[in-house]
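Visitor: sequence first, predicted coordinates after that:
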Amino acid sequence: MTLTRADFHEQNLASAQDEARRLFEQKTILQGAWLNWVASRLYQLQPAEYASMVRRELMRLQETSEI
């Protein structure tokens, strides 16, 4: 049985949020090197749909941290 996009999202959302938080926490430690570091980590995530979920969550964390 093939997962629908919605099913995949539902099953992986918590994991993607956890991964994004873990990556985002490194920002204060790595400072200027963080962007290249996080890009390389996102590139390694599979499948691509999961990497996109983590990327979107990172963007959300970034936006809320700037408020």
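Guide: Structure's in. What do you need?
Visitor: all the helices of this protein, residue numbers only.
Guide: 5-25, 27-30, 34-44, 48-65 (DSSP state H).
Visitor: output the ones you listed as CSV; include the columns mean neighbour count.
Guide: C-beta coordinates here come from the backbone N, C-alpha and C atoms, glycine included. Output for the helices of the chain, formatted as CSV (neighbours: other C-beta atoms under 10 Å):
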stretch, mean neighbour count
helix 5-25, 14
helix 27-30, 12
helix 34-44, 13
helix 48-65, 15
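Visitor: want to throw those helices into TSV with mean pLDDT?
Guide: Converted to TSV, the helices of the chain look like this (pLDDT from 0 to 100):
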stretch	mean pLDDT
helix 5-25	96
helix 27-30	95
helix 34-44	97
helix 48-65	95
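Visitor: what does the model give Met1 for pLDDT?
Guide: At Met1, the model reports a pLDDT of 67.
Visitor: contacting residues around Tyr50?
Guide: By C-beta atoms under 8 Å, 6 or more residues apart in numbering, the residues touching Tyr50 are Asn12, Ser15, Ala16.
Visitor: separation between the second one and Pro47?
Guide: Separation of Ser15 from Pro47 (C-beta to C-beta, to the nearest Å): 12 Å.
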